[in-house]
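Asks: A structural model of the following input is requested.
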Amino acid sequence: MKSGRRVRLLCRTVNGVIAIVLMLLPAFPQADAHILDFDVFLNGDPMGSHRYTLSGSGDRVKVLSEASYRVKVLMVTAWRYTHRSEEVWLKGCLRSIDSTTDENGSDYHVAGKTTAAGLEMNTQDGPRQTNGCVRTFAYWLPELHESKELLNAQTGKVEPVTITALEPRPAPGQSEFRGGTVWGVRGKGIQIDVWQDGAGDWYGLASKTPEGRLIEYVRKETGP
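Replies: Sure, this is the predicted structure:
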């Protein structure tokens, strides 16, 4: 009997230690998560990073977008930007969004979900609503080029756009064209070139700001 008690006590102790160890282990992305990790440059100088984590199965996709930028002048931070957006997509259309943005001290928040009336949002400028298949500037979406308008995840405003195929050229940070399609996204104050491979996987971006500055996304080949 004493031997049996010792065995049970030992098993409980071992199980308790295992439980503690598991609690202390760092959290890793889900096994099915697809990570798109980019270094971001402004006029060739490092500015920050932007990571997209896509998870889900079938037609339903959850997207976490996290961006952090800093621009320094004479070693002093002249501009900073952080953005986080959680989105749920179904069959290539946005179903819900919850985003927060800090642009150099100015705060933005967009929270919305799809109802029978369309995508209803609360923003810093008040309620907004849009109908049909709503899409953000989701460069990871293979069908993005089919869009006629895109939702700004920072402000909640819908921007009319035209998206056409451009002449092939290497993506930022690459010496040769990787293949696929270079899509030109154009609109009022919008000049964005997006690189997607033959399977629609996003691997590069270049954007000219209205002030003429060049922003480039260089894909880090990490993650699944």
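
Asks: okay, CA-based contacts and neighbour counts for the rest of this
Replies: Noted.

Asks: do you know how far the residue nearest the centre of the chain is from Thr100?
Replies: The residue lying closest to the centre of the chain (Cα atoms, centre = their mean) is Ser65, at 3.0 Å. Ser65 sits 10 Å away from Thr100, going by Cα to Cα, to the nearest Å.

Asks: Quick check: neighbours shared by these two?
Replies: Common contact partners of Ser65 and Thr100 (Cα atoms under 8 Å, 6 or more residues apart in numbering): 83-85.

Asks: Quick one: these as JSON lines, columns for secondary structure and pLDDT too.
Replies: What follows is these, written out as JSON lines (DSSP: H, G, I helix; E, B strand; the rest coil; pLDDT from 0 to 100):
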{"residue": "His83", "secondary structure": "strand", "pLDDT": "98"}
{"residue": "Arg84", "secondary structure": "strand", "pLDDT": "98"}
{"residue": "Ser85", "secondary structure": "strand", "pLDDT": "98"}
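
Asks: Tell me which residues of the helix or strand harbouring Trp183 come out buried.
Replies: Per DSSP states H and E: Trp183 is located in strand 181-187. Neighbour-count burial for strand 181-187, counted by 16 or more other Cα atoms under 10 Å, picks out 181-187.

Asks: repeat for stretch 170-183
Replies: So stretch 170-183, judged by 16+ other Cα under 10 Å, has buried residues 171-172, 178, 180-183.

Asks: likewise stretch 119-134?
Replies: Neighbour counts over stretch 119-134 (16+ other Cα under 10 Å) mark 119-123, 128-130, 133-134 as buried.

Asks: Looking at these, which two lie furthest apart in space?
Replies: Thr123 and Cys133 (19.4 Å; Cα to Cα).

Asks: JSON lines for the buried residues of stretch 119-134, including pLDDT?
Replies: Shown next, in JSON lines, are the buried residues of stretch 119-134 (pLDDT from 0 to 100):
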{"residue": "Leu119", "pLDDT": "95"}
{"residue": "Glu120", "pLDDT": "96"}
{"residue": "Met121", "pLDDT": "97"}
{"residue": "Asn122", "pLDDT": "96"}
{"residue": "Thr123", "pLDDT": "95"}
{"residue": "Arg128", "pLDDT": "94"}
{"residue": "Gln129", "pLDDT": "93"}
{"residue": "Thr130", "pLDDT": "93"}
{"residue": "Cys133", "pLDDT": "94"}
{"residue": "Val134", "pLDDT": "96"}
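
Asks: Just put those in a markdown table and tack on distance to His145 and secondary structure.
Replies: Formatted as a markdown table, those follow (distance: Cα to Cα, whole Å; DSSP: H, G, I helix; E, B strand; the rest coil):
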| residue | distance to His145 | secondary structure |
| --- | --- | --- |
| Leu119 | 21 | strand |
| Glu120 | 24 | strand |
| Met121 | 24 | strand |
| Asn122 | 27 | strand |
| Thr123 | 26 | strand |
| Arg128 | 24 | strand |
| Gln129 | 23 | strand |
| Thr130 | 19 | strand |
| Cys133 | 13 | coil |
| Val134 | 13 | coil |
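
Asks: quick one on the thing from earlier: could the shared contacts of Ser65 and Thr100 go into JSON lines alongside neighbour count?
Replies: Listed next are the shared contacts of Ser65 and Thr100 as JSON lines, based on neighbours: other Cα atoms under 10 Å:
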{"residue": "His83", "neighbour count": "20"}
{"residue": "Arg84", "neighbour count": "21"}
{"residue": "Ser85", "neighbour count": "20"}
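
Asks: From these, pick the one nearest Asp32.
Replies: When the shared contacts of Ser65 and Thr100 are compared for distance to Asp32 (Cα to Cα), Ser85 wins out at 19.5 Å.
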